[in-house]
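S.K.: Return a 3D structure for these sequence lines:
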Amino acid sequence: MQRQDSQDAPLFGEDEDHIRLRKSKIRHPLASFFHLFFRTSAILVYLLCDILSTGFIACMVTIILLLSCDFWTVKNVSGRLLVGLRWWNQVDDDGKSHWVFESWKTHSMNTASHAESRIFWLGLIVCPVFWVMFVFSTIFSLKIKWLAVVIMGLVLQWANLYGYVRCKVGGKSNLRNMAKNYLGVQIFKQAMKKSERP
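M.R.: The predicted model follows:
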């Protein structure tokens with residue numbers, strides 16, 4: 001007998017309580033911790049740099065090291081363990097760049113818990129927003145020496161976000177189709193609301 005693709009369907013010998021525990025508990029606490037640790041540490045060091053130290057070089061090197069550790073950890077460890085996704089870009093012999101995406105099957109025993117998935121996506125989406133704000137605040141406050149650091153933070157965090165979103169939903173064509181479908185549904189809803197009004 002073949003197992004259904006739904007994660008809610010119990011396997012032979014599994015009961016409902018076991019499935020609920022698997023969904024709610026964090027199975028990879030170390031990966032979850034470091035997924036958030038490097039990201040938030042880089043942001044905190046940037047925010048507290050003037051208070052903690054007067055040396056620009058020491059702060060810059062610390063932030064860049066934290067961002068690099070974050071990029072590597074998210075791309076190679078936490079993405080695999082927390083949500084079952086992996087991406088990379090490879091260049092073939094002709095010099096063409098190809099995106100490669102991997103994901104677990106839905107019926108795999110290695111499916112991530114809901115808590116881990118929330119931790120992963122929340123950290124992946126929220127932190128680049130901070131770096132976007134830092135870019136604008138650096139430009140408007142004329143702290144030009146920090147511009148390279150905040151742009152590096154934005155680029156590294158945006159690259160992981162872009163890679164995992166493409167990995168989750170598919171290639172560019174799928175992203176375009178999703179956007180078209182979403183806009184179509186929104187336009188249809190607005191048209192229905194207008195037609196229902198007297």
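S.K.: Spatially, what comes nearest to the residue sitting nearest the centre point of the chain if we skip its sequence neighbours?
M.R.: Centroid-nearest residue in the chain, with CA atoms, centre = their mean: L124, separated by 3.0 Å. Ranked by CB to CB, 6 or more residues apart in numbering and with sequence neighbours excluded, the top spatial neighbour of L124 is L161, at 5.4 Å. C-betas here are computed from N, CA, C, even on glycine.
S.K.: Same question for V100.
M.R.: Distance criterion CB to CB, 6+ apart; nearest residue to V100, sequence neighbours excluded, is W88 at 5.4 Å.
S.K.: So for the strand or helix carrying the one you found, mean pLDDT?
M.R.: Assigned by DSSP states H and E, W88 falls within strand 85-91. For strand 85-91, the mean pLDDT works out to 83.
S.K.: partner strands of it, parallel or antiparallel?
M.R.: Strand 85-91 pairs in its sheet with strand 97-103 (antiparallel), by DSSP bridges.
S.K.: What are the buried residues along the strand it pairs with?
M.R.: When neighbours are counted by 16 or more other CB atoms under 10 Å, the buried residues of strand 97-103 are found to be F101, S103.
S.K.: Let me know the next secondary structure element after it.
M.R.: Counting by DSSP H and E, the next helix or strand C-terminal to strand 97-103 is helix 114-140.
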